[in-house]
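# Have a look at this prediction, sequence included:
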Amino acid sequence: MNISNIGKYAYILINLFNEFYFVNYDDNKEILIRFGKNLKHHRTAKGFTQEQLANELGVEISQISRIERGVINTSVTTLYTISKTLDIDISQLFLLNLTS
């Protein structure tokens with residue numbers, strides 16, 4: 001990975017942090033639910049099962065399930081690895097109207 005890609009992802013993450021930093025609990029929950037729905041959309045579109053994605057990320061299947069249901073937050077490193085594994089831009093996991 002070259003430095004320009006790292007800078008690009010750092011910029012995206014900083015903007016996402018700034019956008020979502022001053023929100024209340026209900027807004028945070030909505031962000032997690034939206035993220036989870038978008039993750040499931042991209043995972044299934046790329047032909048991954050929860051088990052396959054979990055194996056690629058080195059996490060338990062239940063963690064993928066909890067992320068997709070919006071039950072838990074995930075780390076920045078897991079977020080980055082998800083985007084690389086699914087070959088998508090990180091920002092696609094935060095789009096407002098990707099899935100219903």
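Received, thanks.
# Tell me the helix or strand right after the lowest-mean-pLDDT helix or strand in the chain.
Every helix and strand of the chain was ranked by mean pLDDT, DSSP states H and E. The lowest is helix 3-20, at a mean of 65. Using DSSP states H and E, the helix or strand that follows helix 3-20 in sequence is helix 25-45.
# I'd like to know the average pLDDT value across that next one.
What helix 25-45 shows for mean pLDDT is 89.
# cool, stretch 89-100 as well?
Across stretch 89-100, the average pLDDT comes to 77.
# Hmm, Leu57 is touching Thr77, no?
No: the criterion here is CB atoms under 8 Å, and Leu57 misses it with Thr77 at 9.7 Å. Backbone N, C-alpha and C define where each C-beta goes, glycine included.
# Just want to know which of those two has more residues nearby.
Leu57 (18 against 9; other CB atoms under 10 Å).
# Nearest residue to the more buried one in space, ignoring adjacent ones along the chain?
Spatial nearest neighbour of Leu57, excluding adjacent residues (CB to CB, 6 or more residues apart in numbering): Thr81 at 5.4 Å.
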